[in-house]
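**Q** Dropping the sequence and predicted coords here.
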Amino acid sequence: MFRAVGCLVLAVGGAAALVGCTAIGAAIPTTGPIAVHPRPEAGMDALLEGVLRTDGGCVRVEHEGGTAVPTFPAGDGSWSGDTLTWRGDEYTDGDPIALGGGFMGTASAPSSNGYMPEACVGLEVFVVSPY
């Protein structure tokens, strides 16, 4: 099966380095507890640190300022059983987590630009960077 891959190449002082590759056009889910957005070509660089919460049908992060719903780039995060897998690491309810990206207002559903679990509606959204 053919799968498109996008790569970020960083050129510094005449040398090029392959920074990261991932699937382009990965499918956006229509069910499940994690929010997903189409994979962007750029990402913000704020930091969300807190405790992962997975109960009630909405994966979210409790942080110093409240609660945020991380929305992951399509193809980058996955959910299985009660475990979030992000960048090769596994997280379950109560685990500390740190994500780069940026805050983008309040979650609404249905989302015309990705998937937002109904249980997350009304919470603050944190768009996770693909980089």
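**A** Nice, thanks for sending it over. Please read these numbers as outputs of a predicted model, since none were measured by experiment. Numbering: from 1, shown residues only.

**Q** what packs against the top strand by length along the chain?
**A** Counting residues, the longest strand in the chain under DSSP state E turns out to be strand 96-106. Packed against strand 96-106 by the contact rule (3 or more Cβ pairs under 8 Å, 6 or more residues apart in numbering; DSSP states H and E) you find strand 46-53, strand 66-73, strand 124-128. Backbone N, C-alpha and C define where each C-beta goes, glycine included.

**Q** buried residues in the first one?
**A** Residues of strand 46-53 classed as buried under the neighbour-count rule (16 or more other Cβ atoms under 10 Å) are 48, 50, 52-53.

**Q** Quickly note the distance from the nearest residue to residue 72 once chain neighbours are set aside to residue 47.
**A** Distances taken as Cβ to Cβ, 6 or more residues apart in numbering put residue 128 closest to residue 72, at 5.0 Å, once the chain neighbours are dropped. The gap separating residue 128 from residue 47 is 11 Å, by Cβ to Cβ, to the nearest Å.

**Q** what touches both of those two?
**A** 99-100 (Cβ atoms under 8 Å, 6 or more residues apart in numbering).

**Q** Quick one: residues contacting residue 87.
**A** If you count contacts by Cβ under 8 Å, 6+ apart, residue 87 has them with residue 76.
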